[in-house]
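>>> make a model of this:
(chains A, B, C and D)
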2 protein chains.
Amino acid sequence: MVPERVISRVPWLEGLSAAGRRELAARGVTRQFAAEQVLWRRGDQPRGLFVVLEGAVRVVRGSGGRQYVLHREGPGGTLGEVPLFGGGTYPATVIAEEPTECLVLSLPAIEAAVARDPRLASLLLGRLSGRVRELASRLDRVTTQPVARRLAAYLLRRHEESTGSFTLGQSQTRVAEDLGTVREVVVRELRALAGVKMISRISPGRYRVTDEAALRAMVSSRAPISRTP
Amino acid sequence: MVPERVISRVPWLEGLSAAGRRELAARGVTRQFAAEQVLWRRGDQPRGLFVVLEGAVRVVRGSGGRQYVLHREGPGGTLGEVPLFGGGTYPATVIAEEPTECLVLSLPAIEAAVARDPRLASLLLGRLSGRVRELASRLDRVTTQPVARRLAAYLLRRHEESTGSFTLGQSQTRVAEDLGTVREVVVRELRALAGVKMISRISPGRYRVTDEAALRAMVSSRAPISRTP
DNA sequence: GGCATCCTGGAACTACGGTCCCAGCGCGGA
DNA sequence: TCCGCGCTGGGACCGTAGTTCCAGGATGCC
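Numbering: from 1, shown residues only, chains lettered A, B, ... in the order given. Coordinates of the predicted model:
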């Protein structure tokens, strides 16, 4: 049982009828997690649909030491639908990146709400579809693009979110997990990009884009990468 | 409008009520495709939910020349849900592998059927969940397992589906697209496996597993691969 | 203070996988 | 018949990226 305004904080539930919202509010609960706390591990039994209200989590997979990020979810993001709707156990481990609050909805709760407002089913289908699309594009970034290109795209994103210089926003190890590689390679590619003057290092962990056009060209061209120094 | 027994041919629609089936049958149509015919290309506008009744299709993505298989769908498989439920255009290209017949359901048709029997929504959610699970495991195969291991797993599957010797079942190029690599590498790894006597080549394109235990060990161990000859 | 821990930065080595290229074979069409 | 085409098989080469190290700096804890 949560106040109904909690439901209103979830953007993708906007279209839902009042009856549907009431049902979700009546049957939902919230849970808090500390930074770095594990919400669940791959292989655990499903515990309901989680909707991130506050904070952010990362969904990781890792076979043997090496770990990589499947996706991230911030406020409004959903977690745990795969075993809930498809059966089986969680396919990935989820870890809070910051103090995080989630709305938890059991399968019966969702079914009851769908009965009140069938549009909820469409909304859920839409979210899962988005997940599929996202995974597909992650798959072909990792399989077809070299690390340098993936890193360049990452840097441009960071660059756009800030003015002037920027940091990676997380440790190099984390960035590597994001990009599907290892830390050392990230370091090397950062150096290479600095070598060809596309970026420059201001201070440890802080960079500036010095040739945005070249970086963009690197990201979007399908041509092999020239790292001529 | 299709006969109702067409709906009965779809295994995952089994749990559906008679009313739901009738609705789908009333509003569904079927379409035929020749082998190698393209059902749609990435970027096309959605044309409904396709359910494979007969035959098989492959769903491919390819950025610039190189192509790889996202998934395959045989009888009972579904296609096209992502843009239908999530909006946007098709995220991948779909090609018939054999003469194929599909049931096509428009979004209004599905919504009408969901209204008659809400369980249909759960079934669709279940299928999409399966797709997500499958993509995730494909992603970590490709990112964390060497080609040799992926190929070994593929060969074991072929081995199990037949007695004695077996063929790859499709051209080496196709196998490469399945495994997320290129033909030349497949050839090389096949030779390497033959070199260490795990398989042997009976005739062009035909192989036999000669050391199943070793092959299985190769697939399941997380240790680096020894290709000592 | 000293110690462990985690971070960034880097060097050297290796090998896996991709590219390019060639040869031979079978098959269907012109 | 010959030509083109797709398929299998293989050789040589090389670049990317993973592995294994090492060093220095910051931070926090005992």
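>>> what about stretch A:215-222 and DNA strand D, any contact?
No. Stretch A:215-222 does not reach DNA strand D (CB under 7 Å from any atom of the strand); its nearest approach is 11.4 Å. (Glycine included, C-beta is placed from N, CA and C.)
>>> identify each buried residue in that stretch, please.
A:215, A:218-219 (16 or more other CB atoms under 10 Å in any protein chain shown).
>>> and the residue positioned nearest the centre of chain A, what does it touch?
By CA atoms, centre = their mean, chain A has its centre lying nearest to A:Arg72, at 1.5 Å. By CB atoms under 8 Å, 6 or more residues apart in numbering or on different chains, A:Arg72 lies in contact with A:56-59, A:97.
>>> which of those fall in strands?
Counting by DSSP state E, the contacts of A:Arg72 place A:57-59 in strands.
>>> just among those, which is most surrounded?
A:Val57 (24 neighbours; other CB atoms under 10 Å in any protein chain shown).
>>> wait, that residue sits on A:Glu101?
No. At 10.8 Å, A:Val57 and A:Glu101 do not qualify as touching, with contact defined as CB atoms under 8 Å.
>>> what comes up buried for the longest helix along chain A?
Ranked by residue count under DSSP state H, the longest helix found in chain A is helix A:119-144. Using 16+ other CB under 10 Å as the test for burial, helix A:119-144 gives A:120-136, A:138-140, A:142-144.
>>> so how far is it from its chain's centroid?
Offset of helix A:119-144 from its chain centre (CA atoms, centre = their mean, to the nearest Å): 12 Å.
>>> what's downstream of it, the next helix or strand?
Heading C-terminal from helix A:119-144, the first helix or strand you meet, by DSSP states H and E, is helix A:147-160.
>>> could you check the angle helix A:119-144 makes with that following helix?
Relative orientation of helix A:147-160 versus helix A:119-144 (axes from the mean of the first three to the mean of the last three CA atoms, to 10 degrees): 130 degrees.
>>> who's in contact with helix A:147-160?
Contacts with helix A:147-160, where a contact means CB under 8 Å, 6+ apart, come from A:141-142, A:166-169, A:175, A:178-181, A:185-186, A:189-190, A:192-193, A:198-199, A:207, A:209, A:212, A:215-216, A:218-219, A:225, A:227.
>>> in strands only, show me those residues.
Short answer: the contacts of helix A:147-160 in strands (DSSP E) are A:166-167, A:199, A:207, A:209.
>>> would you show me how to pick out the buried ones of those residues in ChimeraX?
To isolate the buried subset of the ones in strands among the contacts of helix A:147-160 in ChimeraX, counting by 16+ other CB under 10 Å, use the following:
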select /A:166,199,207,209
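>>> can I get the ones in strands among the contacts of helix A:147-160 in TSV including distance to B:Ala112 and pLDDT?
Shown next, in TSV, are the ones in strands among the contacts of helix A:147-160 (distance: CB to CB, whole Å; pLDDT from 0 to 100):
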residue	distance to B:Ala112	pLDDT
A:Phe166	51	95
A:Thr167	52	95
A:Ile199	55	95
A:Tyr207	55	96
A:Val209	52	95
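>>> related to what we said a few turns ago, check the ones in strands among the contacts of A:Arg72 against DNA strand D, which are close?
Applying CB under 7 Å from any atom of the strand to the ones in strands among the contacts of A:Arg72, none is adjacent to DNA strand D.
>>> contacting chain B as well, which ones from the residues you listed?
Contacts with chain B are made by none of the ones in strands among the contacts of A:Arg72, judged by CB under 8 Å from any CB of the partner chain.
>>> format these as a markdown table; extra columns: distance to A:Leu79.
Putting the ones in strands among the contacts of A:Arg72 into a markdown table (distance: CB to CB, whole Å) gives the following:
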| residue | distance to A:Leu79 |
| --- | --- |
| A:Val57 | 7 |
| A:Arg58 | 11 |
| A:Val59 | 7 |
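>>> stretch A:45-57: which residues count as buried?
For stretch A:45-57, by 16+ other CB under 10 Å, it's A:46, A:48-53, A:55-57.
>>> looking at those, which are in strands?
Using DSSP E, the buried residues of stretch A:45-57 in strands are A:49-53, A:57.
>>> and which of those is nearest A:Pro83?
A:Leu49 (10.3 Å; CB to CB).
>>> I'd say that closest one and A:Glu73 touch.
No. The criterion here is CB under 8 Å, and A:Leu49 misses it with A:Glu73 at 12.0 Å.
>>> between the two, what contacts are shared?
Joint contacts of A:Leu49 and A:Glu73 (CB under 8 Å, 6+ apart) are A:Leu79.
>>> correct me, but A:Leu139 touches B:Val142?
Yes. The pair A:Leu139 and B:Val142 passes the contact test of CB under 8 Å, sitting 7.0 Å apart.
>>> list the residues that contact A:Glu177.
Contacts of A:Glu177 (CB under 8 Å, 6+ apart): A:60, A:67-69.
>>> list residues touching both of A:Val57 and A:Glu101?
Taking CB under 8 Å, 6+ apart as the contact rule, A:Val57 and A:Glu101 both touch A:Phe33.
>>> now A:Leu120: how far from B:Gly126?
Distance of A:Leu120 to B:Gly126, computed by CB to CB, to the nearest Å: 16 Å.
>>> next one: A:Thr143
On the measure of CB to CB, A:Thr143 and B:Gly126 end up 27 Å apart.
>>> again with A:Ala92
18 Å.
>>> do A:Arg5 as well
31 Å.
>>> any idea where the helices of chain A begin and end?
Under DSSP H, chain A gives helices at A:4-8, A:18-27, A:81-86, A:107-116, A:119-144, A:147-160, A:172-179, A:183-195, A:212-220.
>>> state the mean pLDDT of the longest one.
In other words, helix A:119-144. For helix A:119-144, the mean per-residue pLDDT is 93.
>>> do it and DNA strand D meet at all?
No. Helix A:119-144 lies out of reach of DNA strand D by CB under 7 Å from any atom of the strand, never closer than 8.7 Å.
>>> and that helix with chain B, contact?
Yes. Judged by CB under 8 Å from any CB, helix A:119-144 comes into contact with chain B through A:121-122, A:124-133, A:135-140, A:142-144.
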